[in-house]
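# Let me see the structure of the following:
(one chain, ligands or ions: 3)
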Amino acid sequence: MFKIGCHLSISNGFESIAKDAVKIGANTFQFFTRNPRGGRAKKIEPSDIEAFNKIAKENNFTKILAHAPYTLNACSSNESVREFALQTMADDLQRMECIPNNYYNFHPGSHTGQGIDTGINQISDILNKILKENQTTIVLLETMSGKGSEVGSRFEELRQIIDKVELKEKLGVCLDTCHISDAGYDIINDIEGVIKEFDEIIGLNKLKVIHLNDSKNPTGSKKDRHEQIGKGFIGVEAITKIINYEPIKDLPFILETPHDDLSGYESEINMLKKLRAEID
Ligand code: FE
Ligand code: FE
Ligand code: ZN
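Residues are numbered from 1 along each chain as shown. Ligands and ions are numbered 1, 2, ... in the order given. The predicted structure is shown next:
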């Protein structure tokens, strides 16, 4: 089954976001756990979850993906910023148990001049504090573009974080195609080589979700600016290869492409379904 969806707004609740997903032909989606700037999370209503579960079941939804506010920084040189990331993520993970057995993705962080090794230590420290044996959520480290002092633009860095975390079985990776291209991985010409490298360094069993984005910039630009599928440097040919590449084709693909409204995502999803079917 082609697992395809996009980032959607949860501001009207879970039932509403599920309806949006169905409307655009998605069977998964991503949402922010709270305002991306890190505000208070809305109360979760059990009746809303119940309505969501019904729609998800009727429409064969696969696992869904929550995204932590992108302003959190688990490896800031400022201790109160790190503490805020810890508190927010711990709270998010507790709330995630209202929708058990899904994914929670976060940006590892920017070391803000402390160096990669200190960053890696601080990120793994926070994970060791918030991960619990009895949680059903898998926490995903997102591959980053390497802009500024971002940690996680090399597979080796993600591997080092995972190595330092005790509850490794609660950890996975979300691979963002725009980010890794910007980071310098040649997914345009060599998806096989990139996935092989991921497998050798991290292990393909850790790869849980693909963020499917084109990029406004060439490989190695370290910019992180997403583009609509086919309109950027990655291009429709490489994207077609990615969504059909055997070792990863059964993972959920989540679009984070720039669109003004749902219909933009709807046509992108339709296009991808055709590109997938052509090879199937
Ligand atoms: Fe992200
Ligand atoms: Fe992403
Ligand atoms: Zn991005």
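
# What residues does the chain have near ligand 2?
Residues of the chain lying near ligand 2 by CB under 5 Å from the ion: 176, 211, 256. No exception for glycine: its C-beta is placed from N, CA and C like everyone else's.

# would TSV of those residues with neighbour count be doable?
Output for those, formatted as TSV (neighbours: other CB atoms under 10 Å):
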residue	neighbour count
176	26
211	27
256	17
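
# pLDDT wise, what is residue 35 at?
At residue 35, the model reports a pLDDT of 82.

# what's the burial count for it?
13 (other CB atoms under 10 Å).

# about what we covered before: give me the subset of the residues of the chain next to ligand 2 that lies in strands.
Members of these lying in strands (criterion: DSSP state E): 176, 211.

# Now do the strands in this structure.
In the chain, the strands defined using DSSP E lie at 4-7, 28-32, 65-67, 103-106, 138-142, 171-176, 207-212, 214-215, 226-227, 253-255.

# if you average pLDDT over the fifth one, what comes out?
So the one you mean is strand 138-142. The average pLDDT within strand 138-142 is 99.

# chain center to that strand: distance?
Chain-centre distance of strand 138-142: 7 Å, with CA atoms, centre = their mean, to the nearest Å.

# what residues does that strand touch?
65, 93, 102-108, 127, 131, 152, 158, 161-162, 170-174, 176, 179, 208-209, 211 (CB atoms under 8 Å, 6 or more residues apart in numbering).

# now swap in the last one and tell me
Contacts with strand 253-255, where a contact means CB under 8 Å, 6+ apart, come from 2-7, 28-30, 65, 209-213, 229, 243, 265, 268-269, 272.

# what residue ranges in the chain score low on pLDDT?
Scanning the chain for pLDDT under 70 picks out the ranges 37-38, 278-280.

# Now do the helices in it.
Assigned by DSSP state H, the helices in the chain fall at 14-23, 46-58, 79-96, 116-130, 155-164, 177-183, 191-201, 235-244, 262-279.

# Let me know which of these is tucked in deepest.
Here the criterion is mean neighbour count by mean count of other CB atoms under 10 Å, and of the helices of the chain the winner is helix 177-183, at a mean of 27.

# now for that one, which elements pack on it?
strand 207-212, strand 214-215 (3 or more CB pairs under 8 Å, 6 or more residues apart in numbering; DSSP states H and E).

# Highest mean neighbour count out of those?
Comparing those by mean neighbour count (mean count of other CB under 10 Å), strand 214-215 comes out on top with a mean of 25.

# and it, which strands flank it?
As defined by DSSP bridges, the strand partners of strand 214-215 come to strand 226-227 (antiparallel).

# which residues sit against the partner strand?
So strand 226-227 is in contact with 178, 213-216, 232-234, 256-258, going by CB under 8 Å, 6+ apart.

# and the two most separated of the residues you listed?
Distance extremes for these: the farthest pair is 233 and 256 at 16.0 Å, using CB to CB.

# Let me see the contact set for whichever residue of the stretch 51-200 of the chain sits closest to ligand 2.
Closest residue of the stretch 51-200 of the chain to ligand 2, CB to the ion: residue 176 (3.7 Å). The contact partners of residue 176, by CB under 8 Å, 6+ apart, come to 142-145, 210-211, 213, 256.

# of those residues, closest to residue 18?
The closest of the contacts of residue 176, once distances to residue 18 are taken by CB to CB, is residue 256, at 18.9 Å.

# was I right about residue 236 contacting residue 229?
Yes - at 6.7 Å, residue 236 counts as touching residue 229 under the criterion of CB atoms under 8 Å.

# Now for these two: what residues contact both?
Counting by CB under 8 Å, 6+ apart, nothing touches both residue 236 and residue 229.

# List the beta-bridge partners for the residue of the stretch 51-200 of the chain closest to ligand 2.
Beta-bridge partners for residue 176, by DSSP bridges, are residue 211.

# how near is it to residue 93?
In this structure, residue 176 and residue 93 are 21 Å apart, going by CB to CB, to the nearest Å.

# on that earlier part again, for the strands of the chain, give me TSV that also has distance to residue 45.
Output for the strands of the chain, formatted as TSV (distance: least, CB to CB, whole Å):
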stretch	distance to residue 45
strand 4-7	22
strand 28-32	15
strand 65-67	17
strand 103-106	20
strand 138-142	25
strand 171-176	28
strand 207-212	26
strand 214-215	37
strand 226-227	32
strand 253-255	25
